[in-house]
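In: sequence plus the predicted model coming up.
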Amino acid sequence: MFERFTERAKSTLMFAQKESQKLQHGYIGTEHILYGIASIEGASSNILNEAGVTKELIHEMIEETLGRGNSMVMGTGQIALTPRTKRLLDTSFKQARAIGQNYISPEHMLLAILDEEEGVAFAILQNLGVDIPKLRNDIMQSFSNQGVQGDNE
């Protein structure tokens, strides 16, 4: 399933899983993916930072919104993706294909979060006062700046 993911996208998922474990959630939701996106170096985290969104703020919002869980998944155990997160990953690939790319980067994941317009990740961005159309435009602009190759590692 993850063969089309760039190394940065795979790292995003790794950070998402670690955040889920830290909060003792027994799943990876869109909020954890958003945390993962903000945790890695690159265009998507830079764009989030410019919008005033940091991984620390995302963590606080997740904990404030959902609290801590009681799941004790530790180590390298796989944590289930929520149905919305699975849809987000599918939408990420559709986003990539729509702009002529055959790989999934964190930027595609962030676009998918914005397209969903539901879920905890989108609500976090709204609650932080992010200008969603500007964020979407900034992401699309980052693809133009990357040229054809983009993040294809």
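Out: Looks like it came in fine. Numbers count the residues shown, from 1 in each chain.

In: in this protein, which spans are helices?
Out: Using DSSP state H, the helices of the chain run over residues 7-22, 30-39, 43-50, 55-66, 83-98, 106-116, 119-127, 132-146.

In: of these, which stretch is the most buried?
Out: Counting by mean count of other CB atoms under 10 Å, helix 30-39 has the highest mean neighbour count of the helices of the chain, with a mean of 28. (C-beta placed from N, C-alpha, C; glycine too.)

In: show residues contacting that helix.
Out: 11-17, 19-20, 25, 44-45, 48-49, 53-55, 58-59, 61-62, 65-66, 82, 84-85, 88, 106, 109-110, 113, 116, 119-122, 124-125 (CB atoms under 8 Å, 6 or more residues apart in numbering).

In: now that helix: mean pLDDT?
Out: Taken as a whole, helix 30-39 has a mean pLDDT of 97.

In: quick one: that helix to helix 55-66, angle?
Out: Per axes from the mean of the first three to the mean of the last three CA atoms, to 10 degrees, the angle that helix 30-39 makes with helix 55-66 is 170 degrees.

In: what angle separates helix 30-39 from helix 7-22?
Out: 130 degrees.

In: and the gap between the residue nearest to Met14 when sequence neighbours are not counted and Ala96?
Out: If the residues on either side of it in the chain are set aside, Met14 comes closest to Gly36, at 7.2 Å by CB to CB, 6 or more residues apart in numbering. Going from Gly36 to Ala96 by CB to CB, to the nearest Å gives 17 Å.

In: Leu23 touches Glu63, doesn't it?
Out: Yes. With contacts counted by CB atoms under 8 Å, Leu23 reaches Glu63, the gap being 6.4 Å.

In: flag the shaky bits of the chain, pLDDT-wise.
Out: 1, 71-77, 146-153 (pLDDT under 70).

In: same thing but 50
Out: Low-confidence segments of the chain (pLDDT under 50): 148-153.

In: what's the neighbour count on Gly29?
Out: 23 (other CB atoms under 10 Å).

In: run a quick neighbour tally on Gly69.
Out: Counted with other CB under 10 Å, Gly69 comes out at 14.
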